[in-house]
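S.K.: pasting the sequence and the predicted coordinates here, then a few questions.
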Protein chains: 2
Amino acid sequence: MSKKISESAVRRLSLYLRTLEELDRAGHEAVSSEQLAARSATTAAQVRKDLSVFGSFGKRGFGYTVEELGRALRGILGLTQPWRVALIGAGRIGSALFEYTGFARRGFQIVAVFDSDPAKIGRKWGDSIIHDVAKLERVVSDKDIQIAILAVPVEAVQGVMDQASRAGVRGVLNFAPVRLKVPEGVTVKDVNLVIDLESLTFALSQGF
Amino acid sequence: MSKKISESAVRRLSLYLRTLEELDRAGHEAVSSEQLAARSATTAAQVRKDLSVFGSFGKRGFGYTVEELGRALRGILGLTQPWRVALIGAGRIGSALFEYTGFARRGFQIVAVFDSDPAKIGRKWGDSIIHDVAKLERVVSDKDIQIAILAVPVEAVQGVMDQASRAGVRGVLNFAPVRLKVPEGVTVKDVNLVIDLESLTFALSQGF
DNA sequence: CACAGCTTGTGAAAACCTTCACAATACTAG
DNA sequence: CTAGTATTGTGAAGGTTTTCACAAGCTGTG
Ligand SMILES: NC(=O)c1ccc[n+]([C@@H]2O[C@H](COP(=O)([O-])OP(=O)(O)OC[C@H]3O[C@@H](n4cnc5c(N)ncnc54)[C@H](O)[C@@H]3O)[C@@H](O)[C@H]2O)c1
Ligand SMILES: NC(=O)c1ccc[n+]([C@@H]2O[C@H](COP(=O)([O-])OP(=O)(O)OC[C@H]3O[C@@H](n4cnc5c(N)ncnc54)[C@H](O)[C@@H]3O)[C@@H](O)[C@H]2O)c1
């Protein structure tokens, strides 16, 4: 099933899933594209078009079953089984991410933490021990880790990325403000808060 | 000047600025759209089109002056003077953000920190004191704060948002995974790492 | 069972964004 | 000053995404 679908459409699917989970918690059993759209800040037509790429999940005259559509979206987004994640860089942002419970709730399990600082290596974080980044390849393949979160300084990140892809990591969430070079078959998503702030100030400046 | 320009075009401008700063540090004085594109992961035509919306910054046969184009981009993005930012929520992600030096380097100054936890209020963080969030409106107008970073739990965030907009905040970077309701004239950018991870797992699942 | 009332799924149209291609123009060398 | 080379700025073309609008089909009622 190699459908062409845009990055923003995928992000909307993820948003629909969050909305469906809220609806489920609130006890709703069914939802129309109209309602789903209103709660996800889009339009009913957009919702239906986004879903139609992957199949037909609703019933005419009735809408979608919250639970069923949720299951379908989890399938589409690849969330049917948990993902095993390595956190590389046990610094400020790394520790915030490690303690964040929102990842595990969605099936992202941080199963190993790495750093290069001798003062940090060997320390315990919860049930985990901070590993020496030199052991990245061993641990990644032992624990069958598929995703890495890179929270290391910008000078170190390309080197760490190279190690991670050699170790077999296929997906990366990168916090360092630099474009990574990666081999074929490795996917990178960048988180860049400065860019977010600048798109904010652009909008603010346009106002005057 | 009400030009229509897409969110992704603005994000590219921000990226070009980062690239120009790297080029400047490396001692380059001039750059062509081709070079700028290669280092910013886009195409030369895209670079020129993006810039052309705002004016004509290059010289034919020569390219762009790194410093001049940088200044132009800073103007476009609204970065000609520093922005005064409030950080609301002195928790895990809040403290990582507070200590991050990358914001100040781009002219985003965190000039006040707020929390609601009596155990945190009054504590010193660097040169700042953590204020009671109840004093938000006073401090925001006293210090002429324009932007707020919201790093509070999801249950609290809409209330904090309401206070912030009443206090006169015009732009918000929101870390809580919920769509905020805001009055006209207030701009919100959401940071949602779960969505980033899910767009990653979508890409990974498509591979098989 | 027939009918009224909704809501989906989807082609077609519209809007939006990116790429192409080239005339205009600047700089350099001779 | 001219010729040659490089690179911009921009209409037009091509491609993608969103919106529109409606036939098809489900549900519930009488
Ligand atoms: N702190 C923030 O709020 C923030 C915001 C946006 C972006 N970032 C980016 O995130 C990254 C991390 O930022 P931070 O503030 O957490 O920095 P930090 O200095 O607090 O933490 C970085 C950690 O990485 C470790 N490290 C260094 N080299 C390493 C290597 N080769 N292998 C493994 N570990 C290594 C360090 O020992 C340290 O523990 C940086 O690239 C930064 O630009 C941070
Ligand atoms: N930690 C992460 O890595 C991470 C990642 C993604 C998203 N988030 C989101 O960021 C937000 C903060 O997460 P965190 O992990 O830092 O949580 P946290 O519990 O560590 O910190 C939240 C802080 O907000 C304060 N607070 C609560 N109510 C408040 C109010 N009304 N006014 C002011 N302060 C208030 C708390 O006292 C606490 O200090 C959450 O919405 C979370 O979903 C966090």
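M.R.: Nice, thanks for sending it over. All figures in this text were calculated on a predicted structure; none of them were measured in a lab. Ligands and ions are numbered 1, 2, ... in the order given.
S.K.: OK, contacts around the residue lying closest to residue A:69 once chain neighbours are set aside?
M.R.: Closest residue in space to residue A:69, ignoring its immediate chain neighbours: residue A:57 at 5.2 Å, by C-beta to C-beta, 6 or more residues apart in numbering or on different chains. Using the backbone N, CA and C atoms, a C-beta is placed for each residue, glycine as well. Contacts for residue A:57 were tallied using C-beta atoms under 8 Å, 6 or more residues apart in numbering or on different chains; they are A:51, A:64, A:68-69, A:72.
S.K.: how far away is residue A:57 from residue B:195?
M.R.: Counting by C-beta to C-beta, to the nearest Å, the gap between residue A:57 and residue B:195 amounts to 20 Å.
S.K.: domain-wise, how is chain A divided?
M.R.: Per the record, chain A has its domains at A:7-75, A:83-194, by automatic domain parsing.
S.K.: those: which one's closest to residue B:178?
M.R.: Of all the domains of chain A, domain A:7-75 sits nearest to residue B:178, with 8.5 Å by C-beta to C-beta.
S.K.: anything in the closest one near DNA strand C?
M.R.: Yes - applying C-beta under 7 Å from any atom of the strand, one finds that domain A:7-75 is in contact with DNA strand C at A:32-34, A:44-45, A:48-49, A:51-52, A:56-64.
S.K.: picking that back up, please tell me how far the residue nearest to residue A:69 sits from chain B.
M.R.: If you measure residue A:57 against chain B using C-beta to the nearest C-beta, to the nearest Å, the figure is 17 Å.
S.K.: in a helix, that residue, correct?
M.R.: No - using DSSP: H, G, I helix; E, B strand; the rest coil, the assignment for residue A:57 is coil, not a helix.
S.K.: which pLDDT value goes with it?
M.R.: We have a pLDDT of 97 for residue A:57.
S.K.: same check on the one 5 residues further on?
M.R.: According to the model's per-residue confidence, residue A:62 sits at a pLDDT of 93.
S.K.: just the strands from chain A, written as ranges.
M.R.: With strands called from DSSP state E, chain A shows them at A:30-31, A:64-65, A:83-88, A:108-115, A:124-125, A:128-132, A:147-150, A:171-174, A:187-190.
S.K.: ranking those by mean neighbour count, which comes first?
M.R.: Sort those by mean neighbour count, taking mean count of other C-beta atoms under 10 Å in any protein chain shown, and strand A:147-150 sits at the top with a mean of 26.
S.K.: and it, which strands flank it?
M.R.: strand A:83-88 (parallel), strand A:171-174 (parallel) (DSSP bridges).
S.K.: ok, which of these comes nearest DNA strand D?
M.R.: strand A:171-174 (20.1 Å; C-beta to the nearest atom of the strand).
S.K.: mind checking pLDDT for the residue of chain A found nearest ligand 1?
M.R.: Across chain A, the shortest distance to ligand 1 (C-beta to the nearest ligand atom) belongs to residue A:91, at 1.7 Å. Listed pLDDT for residue A:91 reads 98.
S.K.: separation between it and residue A:193?
M.R.: Plainly put, residue A:91 is 15 Å away from residue A:193 if you go by C-beta to C-beta.
S.K.: same question, residue A:166
M.R.: In this view, residue A:166 and residue A:193 are 28 Å apart by C-beta to C-beta.
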